[in-house]
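Participant: Give the three-dimensional model of this entry:
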Amino acid sequence: GSDVSVTGALQSDGERLTFVVHAEEEPGWTGEQLQSAVSLFSTYLSAPAFDALTDWIQDHLSPTFYTEEWLEDLFTSEYLTQELLKLNGIDIAGKTAVVSGSGNVAIYAIEKAQQLGVKVLTCSDSNGWVYDPEGIDLAALKEIKEVNRARLTEYKKYRPNSEYHEGKGVWTVKADLALPCATQNELDLEDAKALVANGVTAVCEGANMPTTLEATKYLQENKVIFAPGKAANAGGVATSALEMSQNSERLSWTFEEVDAKLQNIMINITHNMDEAAKRYGHEGDYVMGANIAGFEKVVDAMLAQGVC
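Facilitator: Below is the predicted model:
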């Protein structure tokens with residue numbers, strides 16, 4: 001019979017990320033056969049690899065492969081923060097936090113933080129930021145950003161006692177924890193100085209490299225617990241691996257099962273990072289610990305494979 005060529009590509013209109021299936025019908029293929037080929041192709045997509053909730057994923061992936069589990073890769077920094085604080089004799093429950101961003105990473109970091117008993121005081125977008133002394137209203141934030149696709153200027157309509165400020169300023173708010181979840185290099189040296197002056201206990205990266213090198217060094221020099229994104233964000237890849245395992249074995253774990261597996265992975269990462277730092281004489285330096293632990297894992301794998 002004839003062949004059909006099915007490929008996929010990411011497309012962006014500047015606001016939304018969409019995965020588009022391209023199928024080239026060959027002579028002799030019916031529309032039904034073509035749809036079957038597209039469906040087979042979509043079955044083997046790795047849903048957690050996408051950073052945004054797209055119409056295509058919602059409309060085309062079956063419930064077996066598109067589930068709430070992909071959200072788990074956005075909870076990882078909070079699990080690592082919780083365990084890292086525990087290693088330092090601190091209970092995360094009852095703490096306050098400042099969070100930057102209002103995209104997927106920030107929204108679900110706020111959700112998990114609240115579940116762990118943290119009061120989140122701030123969030124932000126590219127225009128400005130919100131301070132809510134009563135704690136960020138997660139339902140309102142989701143409606144503004146995920147449903148209405150609006151700006152944070154709308155937040156005050158939901159919470160009259162909150163404050164909206166133009167520009168930058170999240171890191172000037174006094175809190176126990178700081179969770180940069182917006183963009184690269186958003187937390188600079190001056191921000192770090194403001195956080196230290198306000199007595200911050202820990203900074204845990206949610207975005208990719210959101211803290212500048214100068215800010216990182218300043219935080220560490222001032223004994224702030226600093227969790228680097230290379231460790232805190234590792235759960236994203238881990239969750240993708242869990243999803244791939246389900247796909248390969250034709251299994252369907254519950255949200256709770258994936259959550260428990262992810263939490264255990266993040267606990268192990270935290271301890272590996274901590275122990276590596278101690279083993280090489282850099283106790284408390286979790287950047288060093290994460291680098292060493294990651295390097296050792298690669299070396300061990302290479303040796304096991306006889307590469308060197």
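
Participant: all helices for the stretch 201-308 of the chain, in order.
Facilitator: All helices of the stretch 201-308 of the chain, identified by DSSP state H, counting those that start in this stretch, fall at 213-221, 229-232, 234-249, 255-279, 286-304.

Participant: what comes up buried for the shortest one?
Facilitator: Of the residues in helix 229-232, those scored as buried under the neighbour-count criterion (16 or more other C-beta atoms under 10 Å) are Gly229, Lys230, Ala231, Ala232. All C-beta spots, glycine's among them, are computed from the backbone N, C-alpha and C.

Participant: For that helix, which helices and strands make contact with it?
Facilitator: Counting by 3 or more C-beta pairs under 8 Å, 6 or more residues apart in numbering; DSSP states H and E, the packing neighbours recorded for helix 229-232 are helix 76-87, helix 255-279, helix 286-304.

Participant: name the element Leu141 belongs to?
Facilitator: helix 138-142 (DSSP states H and E).

Participant: before we move on, what about Ile107?
Facilitator: Here Ile107 sits within helix 104-115, counting by DSSP H and E.

Participant: so what strands line up beside the helix or strand following that helix?
Facilitator: Sequence order places strand 119-120 as the next helix or strand after helix 104-115, per DSSP H and E. When pairing is defined by DSSP bridges, strand 119-120 lines up against strand 96-100 (parallel).

Participant: Extract the CA atoms of the partner strand and return them as PDB.
Facilitator: Provided in PDB are the C-alpha atoms of strand 96-100 (Å, rounded to 0.1, in the frame of the first residue of the first chain):
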ATOM      1  CA  THR A  96       6.100  33.000  54.100                       C
ATOM      2  CA  ALA A  97       7.400  33.200  50.600                       C
ATOM      3  CA  VAL A  98       7.800  35.600  47.800                       C
ATOM      4  CA  VAL A  99       7.400  34.200  44.300                       C
ATOM      5  CA  SER A 100       8.100  35.800  40.900                       C
END
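
Participant: And the strands in the stretch 1-150 of the chain?
Facilitator: 5-12, 17-24, 96-100, 119-120, 122-124, 128-131 (DSSP state E, counting those that start in this stretch).

Participant: Quick check on Tyr280: phi, psi?
Facilitator: Taking degrees, to the nearest 10, you get phi -110, psi 20 for the backbone angles of Tyr280.

Participant: Is it correct that it is in contact with Met288?
Facilitator: Yes - counting by C-beta atoms under 8 Å, Met288 is a contact partner of Tyr280 at 7.2 Å.

Participant: For those two, indicate the residue with more neighbours.
Facilitator: More neighbours surround Met288 than the other of Tyr280 and Met288, with 18 against 13 (other C-beta atoms under 10 Å).

Participant: How about that one, nearest residue that isn't a chain neighbour?
Facilitator: Among residues not flanking Met288 along the chain, His282 sits closest, at 4.3 Å (C-beta to C-beta, 6 or more residues apart in numbering).

Participant: and what of Gln184?
Facilitator: That would be Met209: by C-beta to C-beta, 6+ apart, it lies 4.9 Å from Gln184.

Participant: now the one you found: how far from Thr270?
Facilitator: Relative to Thr270, Met209 is positioned 19 Å away (C-beta to C-beta, to the nearest Å).

Participant: give me the low-pLDDT residue ranges for this structure?
Facilitator: 1-75, 308 (pLDDT under 70).

Participant: swap the cut-off to 50 and go again
Facilitator: 1-29, 33-34, 37-38, 40-70, 72-73 (pLDDT under 50).

Participant: What are the phi and psi values at Asn127?
Facilitator: Main-chain torsions, Asn127, degrees, to the nearest 10: phi -100, psi -30.

Participant: Hmm, it is touching Leu152, no?
Facilitator: Yes - between Asn127 and Leu152 there is a contact at 7.0 Å, judged by C-beta under 8 Å.

Participant: So the two - more neighbours on which side?
Facilitator: Leu152 (21 against 12).

Participant: circling back: mind checking which of the helices of the stretch 201-308 of the chain is nearest Thr96?
Facilitator: With C-beta to C-beta as the measure, helix 213-221 is the member of the helices of the stretch 201-308 of the chain nearest Thr96 (17.6 Å).

Participant: List the contacts of that closest one.
Facilitator: The list of residues contacting helix 213-221 from outside it, by C-beta atoms under 8 Å, 6 or more residues apart in numbering, reads 187-189, 191-193, 195-196, 203, 211, 226, 228, 285, 287.

Participant: Dump those residues to a markdown table, plus neighbour count and distance to Lys217.
Facilitator: Converted to a markdown table, those look like this (neighbours: other C-beta atoms under 10 Å; distance: C-beta to C-beta, whole Å):
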| residue | neighbour count | distance to Lys217 |
| --- | --- | --- |
| Leu187 | 27 | 12 |
| Asp188 | 17 | 12 |
| Leu189 | 16 | 9 |
| Asp191 | 24 | 13 |
| Ala192 | 27 | 9 |
| Lys193 | 15 | 12 |
| Leu195 | 28 | 14 |
| Val196 | 16 | 12 |
| Val203 | 28 | 12 |
| Thr211 | 27 | 10 |
| Phe226 | 24 | 10 |
| Pro228 | 22 | 12 |
| Asp285 | 20 | 11 |
| Val287 | 21 | 9 |
